[in-house]
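Peer 1: turn this into a structure:
(2 chains)
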Amino acid sequence: MTSYYFSIIGTRDNPVYEFEFSSFKNSLAMSTSTSVPGKSQFSASIKEMLPFISNSSLDIIEDAQWTTNLFYLGKIDSFYGLLVNAFITQGNIKFVLCYDVSNGTTQKYDDSSIKQFFIEANDLYVKCLLNPFYSVNDAIVSPDFDLRLKLIAKKYL
Amino acid sequence: MDYPKGVDPYVTRQHLLHHTYSPLISVHASYNADILLQSFLGLDDISTLQILKPYGNNAKYTVPNQSFKIINNQLITKAYPSFPVRFEPSLPELLTVFNATKRSDTNDAVKQAQLDQLFSISSLEMFLNHSSRESSSQDSNKDLYLTYFNKIITSNNIVPFETFNHPIAQLFVVDFDADTIETLRKSIVEFRNYNFPRFFQIDDLLIHVLVMYDATKFLNSEVVAFQNDIKATLNILSTSIPINTNSQDEPTIEVSLIDNSTIEEDLQRISLQQSSASPTNQICIPKSLDSVLRARIYELINKFLIPHMQSKIRVWDDQILQPKKSITGRFFSASKKFFNNSNSELNLIGPSSSNSSSFNYTENYYYKSSPEQTVRKLADWSLILKDFKYAYSTYDVIKKDYTNDKAWVYVASTQEMCIVSLLLAQTQQVSNNPTPPDKNTLRKIRHDIVEPYIDNLSYTFKSRLNLKTYSLKTLAIVTELLLCMCTTFSISWWWTDLIEKYLLKSVGEYDAHLLSSNQDSQVIRAILYERLGYSCGKCLILNGDNQRLLVLKEGKLVNNQVDAPEPEEEGLYVNPKKLLPSINEGTTGLSRYRKSAIWYLLSIKEWLILKNYGQIQHLMNNIRFVYDIDELGEEWYDRGDLLLGFIKRFMKENRASELGEDTSAEIVEVTSKAATEEIRKSIAEDASETTAVDTVEDDLPASQKNPHSS
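Peer 2: Coordinates of the predicted model:
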C-alpha cells in the first residue's frame, strides 16, 4: 500500500489544503492486516517533514515550469525515499503529491493515473475558486471539496 | 551575499593541499638534540618533532617576503606564497605502528589484512561528538564540517598504491655539542639498513641533517666546520639551527601542537587530557627560536626539497614516462600484450613472479623499482608541486597499465587522483574573471571522468577490497572540489545534483557501517546534512552580474510581495484582493533556498536529539530567509506537529529555562523581586533578537550568545 500526501500550495507558498491518505487498490487483499484502509502509513518522522518536503520541491517546480508548456510536470523530485509529482494551475497554484515507494509494493506507479488525478483535482479546485466567498490563498475548508477530492483519490490512486 | 553560512569550498581545497597533497618529511632526532630543546624550553615531554611539526605549515608561520619558486617540466617558473610540508616521525617508527596493528590479524585472509581502513568510522563519530560538545561549550565557533573534512583527509598510513604519505625527505636532527659525526653516521646506517617495505624506494629519499647548537657557547664558524665535515665524510648537506639560550626572558609566541593530527592521535590526546589536569595544546616558543625555525625551514624547502623533487621528476619523466608515451613505447607495450595473450596458458601455470607485470598479486603492490610504481610517484610529486595538468595526464597514462595488470587498488586510487587532479586544475584561479569551461568540456568531465570513475572506484574499494573509508574520503574530496568549481564559474546547475548524490551516498555508508556495530552516526549525519544545505543554498542559476536581482529579506525570501501601489487619483478603485507579484518574480526557480532549508532542518533535527543548542542556533541562521525563525506566528510551518514548529518551541523552552537560571543568579544582586520580573519580561521580549545576557551560565552555548559571530 502506498501512502500519499497531497497538498495544494498557494501563491505565497502557503498550503491551502492538505490531505494524507493511502491507496485503496490493495486494501482488500490486505484486509487481514489491522490497518484501516485509506489511512496513510507514513512514519512519525516523515509526517513532520511532509509539508517541508512539498515546500522544498517548489524550488524545482518553479524551475521546471519554464521548460514545459504542460500543466502536469511529472515526477520532479525525490526526497528521503519519497517521490514528488507536481501540477501547476493557470493561477500559479501548485498541486504537490508526495508518495513513498519503499513500502515493498509491487504496484507499478502509473504516471497517467496520477496525471488524471491532478486534472480532476484541478477541476474541483476551479469550482472551488468560482465560489464568490472564497478568495485565492485562503484555506479550503469546504467539506464538499474534501469529500469529492477523496472520491477522486480513491478512484485513481 | 553570505547566506547560508558555511565553510567556503576554497578553504577546504586549501586544507586539502596543505594536509594531504603536501610533501612529507620524516624526522629522526637524536636523543641529545631532544634533550637540548627540552632543557631550553623547560618542558620535559616535548620532542623535536613536535616543535617542528607546526612550522611545516608555512602558510600560517610565514617568513617575510616568502615565495616558493617551482619550475615545472615545461621549464615555466611559478612562485607560490606558501608551500606547506608535513613533519612526521621517521619511517621505521611509522611502519612499526602500521605493522603493529596489522600483525594482530591472523595470517589467513592475507589480502584483506594487507590493507587497513583509512580511519575508523566509529572513532570519527566519537571525535566529532566530542568536538561538537567542545565547540558549544567554549567560545570558539569553529565549523564542524571543516573539522570533519580535516580529519578525513589527514592520515599518515603508508600504503603502496599512493605515495603522498611516503616521505620525500628524511631529516636527522643532531646536537652539535653532544653528537659526533660517528653517531650521525651510525644512525644513518641504521636507518638505511632498515627493512623497508618492498614498494618503498629509499633511493628517492632526500637525506638532510639539521645541526642544533647553543649559540651562546659555540661560534658559528665551528658549526660550519662541522657541517663541512659532514659533507666531506657522509656527503650529506646540512642546515644549522642556533639556539640562543640567553633568550629566556624575551617574548614568546604560542604555537599549536595539534595541527595536522589524525583522528586516533586526537582521541589519544583527549583521553590523556582528561586523565591529566594540564591540557597543553599550545607551547610557548621564544621569538628568536621561532624566527630561526621559520627561516631555516623556509631555506630547507626552497633550497633542497623543491630542487630535489624537480630533478627527480625530470629524471623520471625522461627515463620512464616519455619512452612510455612515445610511439615505439606504445608499439612495444602492444606487442607485449599480444605476446602475453598467446602465452596465457604458460602464465597461468607459472608463478606470478614470472609474469611480465611486476605486480605482486598476493600482497597487492608493485615492486619499488618497477616503472608502474615510479610513474605513480612521478604523478604524485608533480601534483604536490602544483602542476595539476601534468599530473592528470600522467595518472591517465599509468591507469591503463594498472588496468591491464588488474591491480585494482592502484586503479581505484589512480582514478581518484585523475578526478582530483583534473578538478584541482580546473579550480586553480589564474585570473579574477575566469571563463567557464564550455559545455562539451563540462560534459566530458562529468560523464566521461567524474561519474564513471567514482562509480568504479567506490565499487573497487567497497566490494573488492572492503576499504569503504577510502571511497568515503574520495567522495568528501570530490564534493568539495565540485563545490569549488560551482563557485568559481557559477555553474551550480551542472553539479548540484551530483554533489547531493555523493553526499547522500556517504551518509548512507556511514549509517550502514555504524548500524552494524549498533551505533548511530548522528553527528556525522548532521554535519553532512548541513553541507547539503550549504551546497543547495549556494546553488544559484544566475550569472555573477544577475545575482543582484535576487532580493533577500529575512523570513520572506519567496513570498515577499511588492508594495501595493498607492491610488494615483482620488476615488480610483484599487482591488484589495488583487494578487501582487513577489519581489523575486524575475528570478523564480533560479535558487534552491527552500531545498537548502529542508536539509538544514534535518541537520537541526539530529542536533535536537543530541541537545546541542549551540549548533541549532547556528544552523537556524541559515534558514532565516526562508522561514521566519524569530517568533512563533500563525504561519503554516509554526504548527506544533511540524518539525520547525517543534524545534522553535523546544528552543523557546530551552531559552526560557536558561534565562530563568540567569535571572535567578541575578536575584542576588537585584534583590527586589519586582525588578527581576521586569528584567525577565524585557529579556523575553527581545530574547529572539539577541540573548546577550551579562551573566552567562556555563552551560549556555557560546554561539547562542552571539549568533552572528561566525
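Peer 1: could you identify the longest helix within chain A?
Peer 2: helix A:111-130 (DSSP state H).
Peer 1: and that helix, what other elements does it pack with?
Peer 2: strand A:3-9, strand A:72-79, strand A:82-88, strand A:94-100, helix A:143-156 (3 or more C-beta pairs under 8 Å, 6 or more residues apart in numbering or on different chains; DSSP states H and E). For the C-beta atoms, the positions are set from N, CA and C on the backbone; glycine is no exception.
Peer 1: within range of chain B, give me the residues from chain A.
Peer 2: Residues of chain A lying close to chain B by C-beta under 8 Å from any C-beta of the partner chain are A:11-15, A:47-49, A:51-53, A:55-66, A:79, A:135-137.
Peer 1: and the host helix or strand of B:Arg443, which residues are buried?
Peer 2: Element membership for B:Arg443, per DSSP states H and E: helix B:439-443. Residues of helix B:439-443 classed as buried under the neighbour-count rule (16 or more other C-beta atoms under 10 Å in any protein chain shown) are B:Leu442.
Peer 1: residues contacting the residue lying closest to A:Val126 once chain neighbours are set aside?
Peer 2: Among residues not flanking A:Val126 along the chain, A:Thr89 sits closest, at 8.0 Å (C-beta to C-beta, 6 or more residues apart in numbering or on different chains). By C-beta atoms under 8 Å, 6 or more residues apart in numbering or on different chains, the contact list for A:Thr89 reads A:71, A:95, A:122, A:125-126.
Peer 1: look up how far A:Val136 lies from A:Thr89.
Peer 2: 11 Å (C-beta to C-beta, to the nearest Å).
Peer 1: over to B:Asn546?
Peer 2: 30 Å.
Peer 1: quick one: terminal-to-terminal distance for stretch B:614-628?
Peer 2: Using C-alpha to C-alpha, to the nearest Å, the end-to-end distance of stretch B:614-628 comes to 19 Å.
Peer 1: residue at max distance from the center of chain B?
Peer 2: Here chain B reaches farthest from its C-alpha mean at B:Gly571, the gap being 66.7 Å by C-alpha atoms, centre = their mean.
Peer 1: now do the phi/psi pair for it.
Peer 2: B:Gly571 adopts backbone torsions of phi 80, psi 0, taken as degrees, to the nearest 10.
Peer 1: residues near the closest residue to chain A within the stretch 251-400 of chain B, how many?
Peer 2: The stretch 251-400 of chain B approaches chain A most closely through B:Ile263 (29.3 Å), counting by C-beta to the nearest C-beta. Burial of B:Ile263 is recorded as 22 neighbouring residues (other C-beta atoms under 10 Å in any protein chain shown).
Peer 1: if we can go back for a sec, average pLDDT for the longest helix of chain A, rounded please.
Peer 2: On average, the pLDDT along helix A:111-130 is 92.
Peer 1: tell me what angle that helix forms with strand A:72-79.
Peer 2: 110 degrees (axes from the mean of the first three to the mean of the last three C-alpha atoms, to 10 degrees).
Peer 1: in helix A:111-130, what counts as buried?
Peer 2: Under the neighbour-count criterion of 16+ other C-beta under 10 Å, helix A:111-130 has A:114-118, A:120-122, A:124-125, A:128 buried.
Peer 1: quick one: the residue nearest to A:Val126 from B:Ile527, how far?
Peer 2: Separation of A:Thr89 from B:Ile527 (C-beta to C-beta): 40 Å.
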